[in-house]
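Novice: One predicted model, sequence on top.
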Amino acid sequence: MPDRIIALVPAAGVGTRASAPGAPVLPKQYRMLAGEPMLRHAVKALLAERRIAQVRVAVSAGDVRAESALAGLPRTVCRACGGATRADTVMAALADSGAAAGDWVLVHDAARPGLPLEALRRLVDACLADAVGGLLALPVADTVKAGQARVERTVARDGLWLAQTPQMFRAGLLRDALQGARSRGLDITDEASAMEQAGHAPLLVRGSARNAKLTWPEDFELLERWL
C-alpha cells in the first residue's frame, strides 16, 4: 500500500491583525480573495496534489462560516475541534483524524492560500523518501538586524531560513513531539519546532514567495494580484 497522506488545516484563529483599522473583526481565513474565502483557496491548493487522501479543516466550536466556505470541495472534512493555540488545534485535529502512526500528516496554514502545486510536490517527494519529514522554507535574502528600538547587531544570514507550511511528518512522530512539548510547557509555533525539541532534524525544502503568510491588510492586496 502507498503511504497515506492526510492534510490538516488549523483554522480556529481570529486573525485580528489582518483587519483594517476600524473595520469589524472577521477571522482572516474568511477574508475574500478573488471572489472566494482565503480558507477555500488554501484547501484547493492542497487538493491539487492527488496523493493527499483527505484534507481535514479544524475550526473553533460555533464557527458558522466554514461549511459555506468549503461547500462542494472533494476529499474535504471540516471538524469543530479547534483549540486555544495552534498546537492545541493540530493535536486535536490529529487525534480526530484517526491517522495511524505510520501515516503522513501534512499541516498547512489557512493563511497561506498562494501555495504553488510545484512547491507542494517538492515537499511531498522529499518527505516520502525521508524517515522524519520536513517543511517548506525560503533562505533569508535580506540583511537581518537584531534589536528593539535601535539596532544592536547584524545577524549573519548564512544558513537562516524562513519557515513556511506545509510541514509534513509521520503521524506518530508528530503526535509524540507535540505531546512532549506540551508536557514541558514549551511554546510551539509550528510543527517543525516540536519535532526539533524531540531531537529530530526536519528536512528544509525550498518553498515559494507566493506561499507567503497573509498577516496584514496590505498582504491581501498583493496576493490578490497574483491570484
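Specialist: Sure thing, it's come through.

Novice: which strands and helices sit next to the lowest-mean-pLDDT helix or strand in the chain?
Specialist: Using mean pLDDT, DSSP states H and E, helix 217-226 stands out as the lowest-scoring helix or strand of the chain, at a mean of 74. If you count contacts as 3 or more C-beta pairs under 8 Å, 6 or more residues apart in numbering; DSSP states H and E, helix 217-226 packs onto strand 32-33. All C-beta atoms are positioned from the backbone trio N, CA, C, and that covers glycine.

Novice: quick one on the thing from earlier: buried stuff in the least confident helix or strand of the chain?
Specialist: Within helix 217-226, the residues that qualify as buried by neighbour count (16 or more other C-beta atoms under 10 Å) are Asp219, Phe220, Leu223, Glu224.

Novice: Quick check: neighbours of the longest strand along the chain in the sheet, parallel or antiparallel?
Specialist: Ranked by residue count under DSSP state E, the longest strand found in the chain is strand 161-170. Under the criterion DSSP bridges, strand 161-170 sits next to strand 104-107 (antiparallel), strand 133-139 (antiparallel) in its sheet.

Novice: distance of Ser213 from Ala163?
Specialist: Check again: residue 213 is Lys, not Ser. According to C-beta to C-beta, to the nearest Å, Lys213 stands 10 Å off from Ala163.

Novice: what sits up against the helix or strand following the longest strand of the chain?
Specialist: Per DSSP states H and E, strand 161-170 leads on to helix 171-183 as the next helix or strand towards the C-terminus. Outside of helix 171-183, the residues within contact range by C-beta atoms under 8 Å, 6 or more residues apart in numbering are 6, 87, 90-91, 94-95, 97, 99-105, 132-133, 169, 188, 191, 193-195, 197-198, 200.

Novice: Just the CA trace of helix 171-183, in PDB.
Specialist: The C-alpha trace of helix 171-183 is given here as PDB (Å, rounded to 0.1, in the frame of the first residue of the first chain):
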ATOM      1  CA  ALA A 171       1.700  11.000  12.400                       C
ATOM      2  CA  GLY A 172       3.200   9.000  15.300                       C
ATOM      3  CA  LEU A 173       6.300  11.100  15.500                       C
ATOM      4  CA  LEU A 174       4.400  14.400  15.300                       C
ATOM      5  CA  ARG A 175       1.900  13.300  17.900                       C
ATOM      6  CA  ASP A 176       4.700  12.300  20.300                       C
ATOM      7  CA  ALA A 177       6.600  15.600  19.600                       C
ATOM      8  CA  LEU A 178       3.600  17.800  20.300                       C
ATOM      9  CA  GLN A 179       2.600  15.900  23.500                       C
ATOM     10  CA  GLY A 180       6.200  16.100  24.700                       C
ATOM     11  CA  ALA A 181       6.400  19.900  24.100                       C
ATOM     12  CA  ARG A 182       3.100  20.400  25.900                       C
ATOM     13  CA  SER A 183       4.300  18.300  28.900                       C
END
